[in-house]
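Asker: Give me a model of this one.
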Amino acid sequence: MTNYTHKTHKTVAKAMALAALLSLAAGCATGPDANPRDPLEPFNRGVYKFNDTLDTAVLKPVATAYEKVTPSPVRTGVGNFFGNLGDLWSSVNAGLQLRPREAVENLMRFSVNSVFGLAGVFDIATEMRIPRTQLDFGHTLGRWGTPAGPYLVLPLFGPSSVRDGAASFVDVHGDPVAGVDHRATRNSLYALRVVDGRARLLRASSMLDDSGMDKYSFIRDAYLSRRQGQIDDIVDKGIGIGDGATDDADDTNRNDSTGTR
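Answerer: Got it, this is the predicted structure:
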């Protein structure tokens, strides 16, 4: 436990150093015509173009094939499995945010689905009406007042911000998949999660492609607006109050702070 805590502290320290470095770079890149939220736009557009080229050449075709050959119930099970792993990290972040209700609920979801849902393949917790609140370390930093900083496009990971980009370094280390010792199994899980996640976005990305809009600007504005809304929502709720949702059907999937970036 002591060794794990030490590694966690080192990871957080590295993430904070990275955030400071990126903030410095953003300040140096700011020009008179720069979008105040996106002073790194030339750099970000370059990374976006790289990501988009990779997506067009590899990820989208693989995700399309995956969707065509994999039965819907299997894809649902895959999504449930990774969602269950996410519940564990969400529980940790809820605890760091001093939100005991969400911490307990997410931990209960993980426990129930892991034991009775065959490692989360079946979402028994939702049937039991145990709410899910998706949280990551970027939410936690925002909860305690860390500013988002400039918009940042990360290679492979996509839209982010200085705060959330640094936080993703911690999220990677908090991911239960990272704890799988067998390298081939771990890499296979990473690949499956990426492909399954991309497959879920096929329809939305096709609509965006057909819209004729500047995809870079649309994705940037949508990300920043949604992310800030999540942080504001967390702060407004205060400590341990929960999200104030009622006991109707919508309470079962309480994605007030969705971790999807």
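Asker: what's the average pLDDT for stretch 90-108?
Answerer: Averaged over stretch 90-108, pLDDT sits at 96.
Asker: ok, and for stretch 157-170, which residues are buried?
Answerer: Pro159, Ser160, Ser161, Val162, Arg163, Asp164, Gly165, Ala166, Ala167, Ser168, Phe169, Val170 (16 or more other C-beta atoms under 10 Å). Just so you know, the C-beta spots here come from the backbone N, C-alpha and C atoms, and that holds for glycine as well.
Asker: show me what contacts the third one?
Answerer: Looking back up the chat, that one is Ser161. By C-beta atoms under 8 Å, 6 or more residues apart in numbering, the contact set of Ser161 is Gly138, Ala148, Gly149, Pro150, Tyr151, Leu152, Leu224, Arg227.
Asker: pretty sure Ser160 belongs to a helix, no?
Answerer: No: according to DSSP: H, G, I helix; E, B strand; the rest coil, Ser160 belongs to no helix; its state is strand.
Asker: On the strand side of things, show who it bridges to.
Answerer: Beta-bridge pairing for Ser160 (DSSP bridges): Leu152.
Asker: how far away is it from Pro150?
Answerer: 10 Å (C-beta to C-beta, to the nearest Å).
Asker: Low-confidence regions, this structure specifically.
Answerer: 1-34, 238-261 (pLDDT under 70).
Asker: residue ranges of the helices in it, please?
Answerer: With DSSP state H as the criterion, the chain has helices at 2-29, 41-54, 60-69, 72-96, 100-116, 124-127, 137-143, 162-174, 183-199, 202-211, 215-237.
Asker: just so I know, which of the ones you listed lies nearest Asn35?
Answerer: Closest approach to Asn35 among the helices of the chain (C-beta to C-beta): helix 41-54, 6.1 Å.
Asker: Could you list the buried residues of that closest one?
Answerer: In helix 41-54, counting by 16+ other C-beta under 10 Å, buried: Glu41, Asn44, Val47, Tyr48, Asn51, Asp52.
Asker: go on, stretch 102-122?
Answerer: Applying 16+ other C-beta under 10 Å to stretch 102-122 flags 102-103, 105-114, 117, 120-122 as buried.
Asker: same question, stretch 212-219
Answerer: Tyr216, Ile219.
Asker: Now do it: everything it contacts.
Answerer: For stretch 212-219, contacts defined as C-beta under 8 Å, 6+ apart pick out Asn44, Arg45, Tyr48, Asp52, Gly158, Pro159, Leu208, Asp209, Ser211.
Asker: quick check, nearest of the residues you listed to Leu192?
Answerer: Nearest to Leu192 among the contacts of stretch 212-219, with distances taken as C-beta to C-beta, is Gly158, at 18.3 Å.
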